[in-house]
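In: The sequence and its predicted three-dimensional model are supplied below.
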Amino acid sequence: MTPSNHGTHQASGFAIVYIAVAIVVIGVIGAALARISMSSVSSSVQLQQLNIARYLAESGLEYARGVAAYEKSQGKSIDHTINTLNANSGRVSVADLGSFALAATKNGSNILVVSKGYAKSGLASYIIPGTLNITYGSNAASNEALKGIYSGISAGISGNFVGNFATYSPILNGGANIQGSLIYLEKSATCLNINGSVHVGTVGGSDYVCSDACVVISGNPVINGNIYSQGDVTVISGTVNGDIHSGGNVSLDWGAQVNGDIYTHGTFSQPQYYTGFTRRVFYNQPIPNMCTSYTLPNHENVPSSNALRVGWSGPNTSTYTFYGSTNIADHSNAFSSINSAGGTKICFDLSAPNTYLNIFDSGDMNINGDLYVRTSTSTSCFDSVNRVSTNFANTAAAKRVYMDVQGTVTFNGGSNWFGTIYAKGNINTGGGGTYIGAYYTNQSFNPNNSGGLNTIFVESSYVDKYWP
């Protein structure tokens with residue numbers, strides 16, 4: 001063997017070793033590069049999903065602002081708006097992207113909102129740092145407990161009502177039609193009982209039933225709107241055209257028809273093979289907020305020795321006219337009592353533009369005759385077109401009439417009223433009467449349960465401006 005051949009074989013052996021080592025090194029580098037490439041792609045995807053989650057969270061805050069603005073424009077209370085934002089655990093889906101979840105709480109007259117976004121892929125979520133503070137505002141006119149009749153002890157409900165009812169003890173008489181919300185403020189074991197041929201809420205509206213206790217529905221009433229209950233909700237027979245939110249358990253019987261979803265803090269039960277409910281049930285839901293309430297202010301003490309008696313004696317005493325003032329704070333119409341006999345006529349003259357009528361009665365008020373409201377100079381006060389009835393044309397003018405009564409208010413059968421009454425005693429209504437305005441008392445409204453009432457809520461300018 002020559003030296004040259006031996007060197008060639010040795011070099012070849014080293015070359016093979018070098019190639020093998022190179023292959024191993026290249027393999028290691030390739031694997032590392034592959035891992036780096038895959039990591040880069042994964043990081044890119046995660047970053048994309050995180051951006052989507054952040055976008056959803058920011059969208060949630062804009063959504064909250066929009067809901068609050070709309071609810072406020074509709075006169076909804078801050079508590080009602082918070083319930084709306086927290087519905088379905090605050091979760092709102094956004095097509096093809098994912099969802100966001102809101103958590104809204106009340107801070108005085110403000111709403112605090114936290115928003116968290118969830119990417120549809122499940123790879124990322126993002127919570128907005130800090131809390132959105134929405135200034136909602138608070139005044140008497142925006143409080144739902146004052147959008148109709150507020151009665152501290154009880155309210156007898158008969159006939160047709162356009163407006164909300166807030167009371168500690170509602171007496172729902174057969175055939176009552178409440179075109180508004182029903183707010184039950186009693187915090188006890190006594191349930192809100194909605195029984196018989198009663199209608200609550202308007203179809204397609206935003207009315208609701210709120211109870212600070214449990215709710216029992218029977219006798220085939222119709223509820224057009226959601227139900228919010230601090231306790232159990234039992235539907236024995238009747239129709240609920242809305243969702244049920246229960247702080248306790250929800251139970252449906254054979255006669256129940258529920259056309260919305262059920263959000264229960266506790267359990268849900270229904271009969272086997274029952275088909276009156278086909279929607280979704282959400283368990284372990286938060287207890288709904290307490291119903292919106294209001295503390296009525298102190299009555300204004302305007303001393304007077306002038307007892308107004310319409311139609312008892314003397315010439316031209318069968319009629320009496322109150323004249324409006326351009327001063328919304330006017331206190332010149334002060335009396336120690338007000339009484340009108342049967343067949344008499346009282347007129348509120350609001351024909352001058354931008355006039356208001358405030359009446360302060362330090363005693364009782366008894367109305368037996370007719371009421372007229374003049375809103376145009378083209379008519380005389382006691383023209384038939386100005387007589388208050390369910391067909392009265394200018395109901396909006398009722399916002400310009402306010403009355404503070406230190407005693408009891410009594411309307412006899414067929415008597416009507418126009419404007420807001422704030423009474424220290426009971427408000428006794430007469431059957432067949434029409435009441436346009438708002439009616440507030442810490443005592444009872446319609447304690448005698450006279451039937452055939454018609455009420456139309458009109459917000460009071462005086463209450464809006466001066467009540468806390």
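Out: Received the coordinates, thanks.

In: how much space between F382 and Y372?
Out: To Y372, F382 is 5 Å away according to Cβ to Cβ, to the nearest Å. Where C-beta positions appear, they are placed from N, C-alpha and C, glycine not excepted.

In: Between these two, point out the one with more neighbours.
Out: The residue with more neighbours, out of F382 and Y372, is Y372; 25 against 15, by other Cβ atoms under 10 Å.

In: From the contact counts, what lies against the helix or strand where the more buried one lies?
Out: Taking DSSP states H and E as the criterion, the element that holds Y372 is strand 370-374. Counting contacts by 3 or more Cβ pairs under 8 Å, 6 or more residues apart in numbering; DSSP states H and E, strand 370-374 is packed against strand 345-349, strand 417-423.

In: Surely D232 touches T264?
Out: No. D232 lies out of contact with T264 (Cβ atoms under 8 Å); the separation is 9.2 Å.

In: Looking at those two, which is more packed in?
Out: Taking other Cβ under 10 Å, D232 and T264 do not tie; T264 has more neighbours (23 against 20).

In: pretty sure the more buried one contacts I287?
Out: No. Using Cβ under 8 Å, T264 is not in contact with I287, being 10.2 Å away.

In: where exactly do the helices run in the stretch 351-468 of the chain?
Out: Using DSSP state H, counting those that start in this stretch, the helices assigned to the stretch 351-468 of the chain run over residues 461-466.

In: which intervals of the stretch 251-400 of the chain have sub-threshold pLDDT?
Out: Low-confidence segments of the stretch 251-400 of the chain, defined by pLDDT under 70, span residues 312-316.

In: show me where it has strands.
Out: Counting by DSSP state E, counting those that start in this stretch, the stretch 251-400 of the chain has these strands, from start to end: 262-264, 268-269, 281-282, 307-310, 319-323, 333-335, 337-340, 345-349, 357-361, 365-367, 370-374.

In: Over to the stretch 1-150 of the chain?
Out: Along the stretch 1-150 of the chain, counting by DSSP E, counting those that start in this stretch, strands occupy 91-94, 98-107, 110-119, 125-127, 132-135, 148-151.

In: Who are the contact partners of the residue nearest the centre of the chain?
Out: For the chain, the residue nearest the mean C-alpha position is H80 (4.1 Å; Cα atoms, centre = their mean). Taking Cβ atoms under 8 Å, 6 or more residues apart in numbering as the criterion, H80 is in contact with 71, 144, 208, 292.

In: Please repeat the previous calculation with a cut-off of 6 Å.
Out: Residues near H80 by Cβ atoms under 6 Å, 6 or more residues apart in numbering: none.

In: just to revisit the earlier point, and of the helices and strands packed on strand 370-374, who's closest to N133?
Out: Ranking the helices and strands packed on strand 370-374 by proximity to N133 (Cβ to Cβ) places strand 417-423 first, at 33.1 Å.

In: between the closest one and strand 370-374, how many degrees?
Out: Going by axes from the mean of the first three to the mean of the last three Cα atoms, to 10 degrees, strand 417-423 is angled at 110 degrees with respect to strand 370-374.

In: Let's test this: mean pLDDT of strand 417-423, rounded?
Out: Mean per-residue pLDDT for strand 417-423: 98.

In: ditto for stretch 148-164
Out: Mean predicted lDDT for stretch 148-164 stands at 94.

In: Quick one: end-to-end length of it, please.
Out: End-to-end span of stretch 148-164 (Cα to Cα, to the nearest Å): 5 Å.

In: cool, and stretch 257-276?
Out: In stretch 257-276, first residue to last residue: 5 Å (Cα to Cα).

In: So for that stretch, what gets flagged as buried?
Out: 257-258, 260-265, 268, 270, 276 (16 or more other Cβ atoms under 10 Å).

In: Tabulate those (a markdown table), appending distance to T429.
Out: Output for the buried residues of stretch 257-276, formatted as a markdown table (distance: Cβ to Cβ, whole Å):
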| residue | distance to T429 |
| --- | --- |
| Q257 | 33 |
| V258 | 34 |
| G260 | 34 |
| D261 | 38 |
| I262 | 37 |
| Y263 | 37 |
| T264 | 38 |
| H265 | 38 |
| F268 | 40 |
| Q270 | 40 |
| G276 | 37 |
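
In: Can you tell me which of the residues you listed is closest to V198?
Out: When these are compared for distance to V198 (Cβ to Cβ), Q257 wins out at 15.2 Å.

In: distance of the closest one from V240?
Out: To V240, Q257 is 7 Å away according to Cβ to Cβ.

In: try N249
Out: Taking Cβ to Cβ, one finds N249 at 16 Å from V240.

In: How about G324?
Out: Distance, G324 to V240, by Cβ to Cβ: 45 Å.

In: List the residues that contact the closest residue to I183 other than its chain neighbours.
Out: Excluding the flanking residues, the one nearest I183 by Cβ to Cβ, 6 or more residues apart in numbering is A166, at 4.0 Å. With contact taken as Cβ under 6 Å, 6+ apart, A166 is in contact with 145, 150, 183.

In: same thing with G425?
Out: Counted by Cβ under 6 Å, 6+ apart, G425 has contacts 407-408, 443.

In: Output the residues you listed as CSV; include the columns pLDDT, distance to L296 and neighbour count.
Out: Output for the contacts of G425, formatted as CSV (pLDDT from 0 to 100; distance: Cβ to Cβ, whole Å; neighbours: other Cβ atoms under 10 Å):
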residue, pLDDT, distance to L296, neighbour count
G407, 98, 16, 18
T408, 98, 16, 17
Q443, 97, 11, 16
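
In: Please identify which of those is nearest to L132.
Out: For those, the closest approach to L132 (Cβ to Cβ) belongs to Q443, at 41.6 Å.

In: tally of neighbours for the closest residue to the closest one other than its chain neighbours?
Out: Nearest residue to Q443, sequence neighbours excluded (Cβ to Cβ, 6+ apart): N426, at 4.7 Å. Other residues near N426 come to 21 when the count uses other Cβ under 10 Å.

In: how near is N426 to G324?
Out: From N426 across to G324, the span is 28 Å (Cβ to Cβ).

In: Pick the most buried one from the strands of the stretch 1-150 of the chain.
Out: Greatest average neighbour count among these goes to strand 148-151 (a mean of 27), per mean count of other Cβ atoms under 10 Å.

In: for that one, packing partners?
Out: Strand 148-151 is packed against strand 164-167, strand 434-441, strand 444-445, with contacts defined by 3 or more Cβ pairs under 6 Å, 6 or more residues apart in numbering; DSSP states H and E.
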